[in-house]
Every structure is written in structure tokens, then in C-alpha cells.
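J.: The sequence and its predicted three-dimensional model are supplied below.
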Amino acid sequence: MSLNTPVQWNLKMLGYWCLERDHQPLTVAFRQQRLIAALALRGGRRRSYIAGLLWPNRTDAQASGSLRACLWNIAHQLPGLLHPVSDTLALAPGITIDVDELRGTISLVDTGASVPQEFTAELRAADLLPGWDEDWLLPDQDRVFRQRLAALETLAETYLAGGQLPAALDAATAAVALDPLLESAQRSLLRIHLAAGNNGSAMRSYRTYLATLQQECGVCPSARITELIRPLLQGQERGGQEQTLRGPVPGYRVSLHPSFE
């Protein structure tokens, strides 16, 4: 490789953490991972901000010392990764970050542009740094989670409007898996089942949502949900009444007491 060829850095934080240099994975200590992730998610920041963010329970002097040690390790182990600016810390220009790429594709979804159907599976699995127990990371994780959820709902509605029912079902199912209590996602799922004529699946989804909602929140579904499913509920009620009037189904023996015949 020519000395003038720029190094290609790739940072992956969705599903797992991985830093690549020229497409080769690198071994990076967790302390350095934290700093790199913070700069990737928050952008260029002053040293004092990063020190307080990553070491909030230490004194300013201790936090600054931890940051200096971390920067020294990165400079020696990963030369060129950090943008050389005096007080502001930033990653090198041109680094590829999968979170940024995900947000870019989500912006296409928001504008109504077509995206590959495989993007649904990508959204489903795109947890930001799962397993990291970091208070500073929680707002970023929640932001990415909400963006993924909104994109899945938009995809479900777009596919449904276009008659692409299998793709719509995949997107709605993924949205419900991310947030089982989200009513808008549940409504989309029911509408897709009903549009496909899958009344049994619609009833099963409704009952699952009803049980989850009552168990977690102690409330019933809203009228917007029940109105969707009401024709099926009424059909079941009529069927039950008719069965009661007809009596036992011929060919089946009914006994109120044990029989040892």
C-alpha cells in the first residue's frame, strides 16, 4: 500500500463493537472502546466534556488523567484514528460508522424513497452496543431504538399501501417485537393480517396484545384497536350462540360423569 493512501477506518456499534483498519479487525481495550464510541456518537467535543461524560464519578483531575492515558494508548496503538486538534477531540475524517449509515437509510424511509427489503432485518437486529452498562450511553441507545421503531412502522405502512403484504408483515412483526406495547405497531399488524384475510392470525395477535397490555399496564386496548377486530369478535359470539342452540356436535359423546364403559 502506498504511503499516500489514506487509511480506511470502519467502526461498527450495531449488534457488537468492532473497529477495522483497512477492513482488518483490531483488538482494542474496553477503555479505548468507550472513548471511540463516545466520539462516534457525540461528534467532536472538548476534552473536559468527554472526561466528565466517561468518568462522571471522579474528580476533574482524575477524569482528565484517565482521559490522557486513554488518548496516549489510542495514539500509539491506533495512529491516525483521532483528528489532531488541540482541545477538541474527534475521530479522523472519513471514518465509516455503521450508526451513521443506518440513520442515512432511515432518512430515505422517512422521505418515502425505496429501500431494500433486507433493511427490515437490519433494523430488527441493530441494537446499539448491547450489553454495555453505561449511563452516558442510554440516551444514544434510546434514540437509535426509537428511530428503528419509527422506520419499521413506516415501512409496514408503505408496504401495506403498495400491496406488498409479506414485506409489510415482516416490518410490522419486527416493530411489535421491539415494543409489544406500542399500539400503533399493533394496529398495523392487525390491519395487515386482515388485508391478507388471515383472520385467525389477527385474532391471535389481538389476544396476545390484550394479555400483554393487561399484565404490564392493567388496561384494555383502545377503541381504535377494538374497532379493527370487532367484526371478528362479533362473528365468534354469533358462532358460539348458534353452537349453543344446536347442542352438541353429532358424533361427539358428551358425559357429565366419568365413564368406565
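T.: Here it is on my side, so go on.
J.: Just the residues contacting stretch 197-212, thanks.
T.: Residues from elsewhere that reach stretch 197-212 (C-beta atoms under 8 Å, 6 or more residues apart in numbering): 176, 180-181, 186, 189-190, 193-194, 220-221, 225, 229, 232, 236. To be clear about C-beta, it is placed using only N, CA and C from the backbone, and glycine gets the same treatment.
J.: Show me those that map onto helices.
T.: Among the contacts of stretch 197-212, DSSP state H puts 176, 186, 189-190, 193-194, 225, 229, 232, 236 in helices.
J.: thinking again about what came up before, now for the contacts of stretch 197-212: which two are most distant?
T.: With C-beta to C-beta as the measure, no two of the contacts of stretch 197-212 lie farther apart than Leu181 and Gln236, at 24.7 Å.
J.: per the record, what domains does this protein have?
T.: 9-94, 97-235 (automatic domain parsing).
J.: Dump the ones you listed into CSV; add mean pLDDT as well.
T.: Below are the domains of the chain laid out as CSV (pLDDT from 0 to 100):
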stretch, mean pLDDT
domain 9-94, 94
domain 97-235, 94
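J.: Make TSV from those and add mean neighbour count to it.
T.: Converted to TSV, those look like this (neighbours: other C-beta atoms under 10 Å):
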stretch	mean neighbour count
domain 9-94	15
domain 97-235	16
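J.: Enumerate every residue touching the closest residue to Asp135 other than its chain neighbours.
T.: Closest residue to Asp135 apart from its sequence neighbours, by C-beta to C-beta, 6 or more residues apart in numbering: Pro56 at 7.4 Å. Each residue near Pro56 by C-beta under 8 Å, 6+ apart is listed here: 63, 135-136.
J.: Pull the residues that contact stretch 71-82.
T.: 7, 9, 19, 21, 26, 28-29, 31-32, 35-36, 39, 89-92, 95.
J.: repeat that with 7 Å
T.: Defining contact as C-beta atoms under 7 Å, 6 or more residues apart in numbering, one finds that stretch 71-82 is touched by 7, 9, 29, 32, 35, 89, 91-92.
J.: Ok, stretch 112-129 next?
T.: By C-beta under 7 Å, 6+ apart, stretch 112-129 touches 13-15, 17, 37, 99, 102, 105, 108-109, 137, 140-141, 144, 148, 151-152, 155, 167, 170-171, 174, 177.
J.: Give me the subset of the contacts of Pro56 lying in helices.
T.: Per DSSP H, the subset of the contacts of Pro56 in helices is Ala63.
J.: First-to-last residue distance for stretch 52-66?
T.: With C-alpha to C-alpha, to the nearest Å applied, stretch 52-66 spans 10 Å between its terminal residues.
J.: tell me the two of the contacts of stretch 71-82 that are most distant?
T.: Farthest-apart pair in the contacts of stretch 71-82 is Val7 and Ala29; separation 19.9 Å (C-beta to C-beta).
J.: Next up, the contacts around Ala174.
T.: Shown in contact with Ala174 (C-beta under 7 Å, 6+ apart): 120, 123-124, 152.
J.: Which of the residues you listed fall in strands?
T.: Among these, the subset assigned to strands under DSSP state E is empty.
J.: right, and Glu183 touches Ala223 too?
T.: No. Look at Glu183 against Ala223 with C-beta atoms under 7 Å: they stay out of range, at 10.9 Å.
J.: all strands for the stretch 1-150 of the chain, in order.
T.: Assigned by DSSP state E, counting those that start in this stretch, the stretch 1-150 of the chain shows strands spanning 9-12, 18-21, 24-25, 45-46, 88-89, 96-97.
J.: any chance of those strands in JSON lines, plus distance to Pro116?
T.: As requested, the strands of the stretch 1-150 of the chain are exported to JSON lines (distance: least, C-beta to C-beta, whole Å):
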{"stretch": "strand 9-12", "distance to Pro116": "19"}
{"stretch": "strand 18-21", "distance to Pro116": "22"}
{"stretch": "strand 24-25", "distance to Pro116": "25"}
{"stretch": "strand 45-46", "distance to Pro116": "34"}
{"stretch": "strand 88-89", "distance to Pro116": "35"}
{"stretch": "strand 96-97", "distance to Pro116": "18"}
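J.: Please tell me I have it right and Ala63 contacts Trp55.
T.: Yes. Ala63 lies in contact with Trp55 (C-beta under 7 Å); the separation is 3.9 Å.
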